[in-house]
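Undergrad: I'll drop the sequence and a predicted model, then ask my questions.
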Amino acid sequence: MIKIVQKAGFSRPASGGGNHEQGRQMEASIKKVATVDCRVFDKLPMDPAGLIMKLRRQGMLVNAESALPYLLQVGAYRMKGYWYQWQDRETKNFKSNVCFDEAIRRYEFDRELRRITAVALERIEIMVRVVFSEVMAEYEGPHWFMKDEVFVSSGTANKAARRSFVQKIEEEISRMRDKAFIAHYFQKYDYPRLPPSWVICECLSFGAWSYGYKDLANQRYRKLISRRFKVEDDHVFASWLHAFSVLRNVVAHHGRLMGGQSSVTPKSYQKRGLYFGRSRNFFVLASVINYVSASIRQGPGWRANLESLFERYPGLDVDALLGFPPDWLMHPVWRESA
């Protein structure tokens, strides 16, 4: 037999004949499913008025005037990421005195956190590109990325790593061929077939530079690059670059930072007081950003931006939501950047 899984409130059609028709179509589709045990999604979309009524039934205090723009422009599913922590996992009812306006406050805080994180990662990414390019061009020439011996150790793995990196370059150069700085190279030169390092520096993603760094065969080059960011251990720095590139993608795609856990954990750097254990919260990433940002002097610092943000949202529990302990400013990596 078919097992129909229903969630109270979500499967009820909202006002309007269109949703009733959707309900009939869903019932017809369910009847066509083979007679085996399965869980069938049967929720229907709800209009903002219906959503507000549903939230109120579940115990949330909702000011329709302030909630409506967010339901229309941000969407209930996205906003749910900022209120689900207040709901009972079984009944979906809210704790007492939970209001929609507090979810709005969390949403706006997270949006501002993404903005300042994007600024910090932009500065780090650009410096990584420049330092990587300068070091490799100095020791291996402007087309270092086209040399087999530059990547990993030897044999098949070497060729695969170089091919992967060069392939990324070729794809980006092809995609950006109409850009003036790319077109200029091909108008003037026929060989080598790709532009020099300082040109591709403007084309590759943070992720590509991260993998390129990890695949460099010569540890000396990796250390020359990492030391520009005051990191002696190149393996630690490789993990940081990977974590930065993943975080950059989360931020670029408007992912939620508040309450989230990173899919990539940067390695600890105990020599500088950066020890994370198994923590994967935002405080870990913020601490690494703060350490690396100390090598970049361009305008307001990362720490100052965070302090300013926290001051604009008093009462927000940054320990529970982001992993920032009450004494976070006294941690060595933060105290030294004051």
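TA: Ah, there it is. Quick caveat: nothing in here was measured; it's all calculated off a predicted structure.

Undergrad: Low-confidence ranges, the protein, go.
TA: 1-36, 153-163, 299-300, 337-338 (pLDDT under 70).

Undergrad: same thing but at 90, please
TA: Across the chain, residues meeting the criterion (pLDDT under 90) sit at 1-39, 42-44, 148-149, 151-167, 259-265, 270-280, 294-301, 332-333, 335-338.

Undergrad: A208 contacts Q167, correct?
TA: No - counting by C-beta atoms under 8 Å, A208 sits too far from Q167 to count as a contact (10.0 Å). To be clear about C-beta, it is placed using only N, CA and C from the backbone, and glycine gets the same treatment.

Undergrad: who's more crowded, those two?
TA: For the pair A208 and Q167, the greater number of neighbours falls to A208 (20 against 11), based on other C-beta atoms under 10 Å.

Undergrad: residues in contact with the more buried one?
TA: With contacts defined as C-beta atoms under 8 Å, 6 or more residues apart in numbering, A208 is in contact with 165, 168-169, 172.

Undergrad: Can you check which helix is longest in the protein?
TA: The longest helix of the chain (DSSP state H) is helix 100-140.

Undergrad: And it, what does it pack against?
TA: The contact analysis (3 or more C-beta pairs under 8 Å, 6 or more residues apart in numbering; DSSP states H and E) places helix 100-140 against helix 64-73, helix 197-200, helix 206-214, helix 219-227, helix 234-252, helix 282-293, helix 302-312.

Undergrad: Columns distance to F100 on top of those helices, output as CSV?
TA: Below are the helices and strands packed on helix 100-140 laid out as CSV (distance: least, C-beta to C-beta, whole Å):
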stretch, distance to F100
helix 64-73, 5
helix 197-200, 48
helix 206-214, 36
helix 219-227, 47
helix 234-252, 25
helix 282-293, 24
helix 302-312, 20
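
Undergrad: deepest of those, which one?
TA: Sort those by mean neighbour count, taking mean count of other C-beta atoms under 10 Å, and helix 282-293 sits at the top with a mean of 23.

Undergrad: ok now it, how far from the chain's centre?
TA: How far helix 282-293 lies from its chain's middle: 14 Å, per C-alpha atoms, centre = their mean, to the nearest Å.

Undergrad: Please export the C-alpha coordinates of that helix as CSV.
TA: The C-alpha coordinates for helix 282-293 follow below in CSV (Å, rounded to 0.1, in the frame of the first residue of the first chain):
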residue,chain,number,x,y,z
PHE,A,282,31.7,30.3,12.1
PHE,A,283,34.1,31.5,14.9
VAL,A,284,36.7,29.0,13.6
LEU,A,285,36.6,30.6,10.1
ALA,A,286,36.4,34.1,11.5
SER,A,287,39.5,33.5,13.6
VAL,A,288,41.5,32.3,10.5
ILE,A,289,40.2,35.2,8.5
ASN,A,290,41.4,37.5,11.3
TYR,A,291,44.9,36.0,11.4
VAL,A,292,45.3,36.2,7.6
SER,A,293,43.8,39.7,7.4
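
Undergrad: And the residue nearest the centre of the chain, how far from Q167?
TA: The centre of the chain sits closest to V250, judged by C-alpha atoms, centre = their mean, with a distance of 1.7 Å. From V250 across to Q167, the span is 25 Å (C-beta to C-beta, to the nearest Å).

Undergrad: Surely Y275 touches S268?
TA: Yes - counting by C-beta under 8 Å, S268 is a contact partner of Y275 at 4.6 Å.

Undergrad: Could you tell me the angle between the longest helix of the chain and helix 282-293?
TA: 40 degrees (axes from the mean of the first three to the mean of the last three C-alpha atoms, to 10 degrees).

Undergrad: List the contacts of the closest residue to W86 other than its chain neighbours.
TA: Using C-beta to C-beta, 6 or more residues apart in numbering and skipping the chain neighbours, the partner closest in space to W86 is V98 (4.5 Å). Listed by C-beta under 8 Å, 6+ apart, the contact partners of V98 are 59-61, 83, 86.
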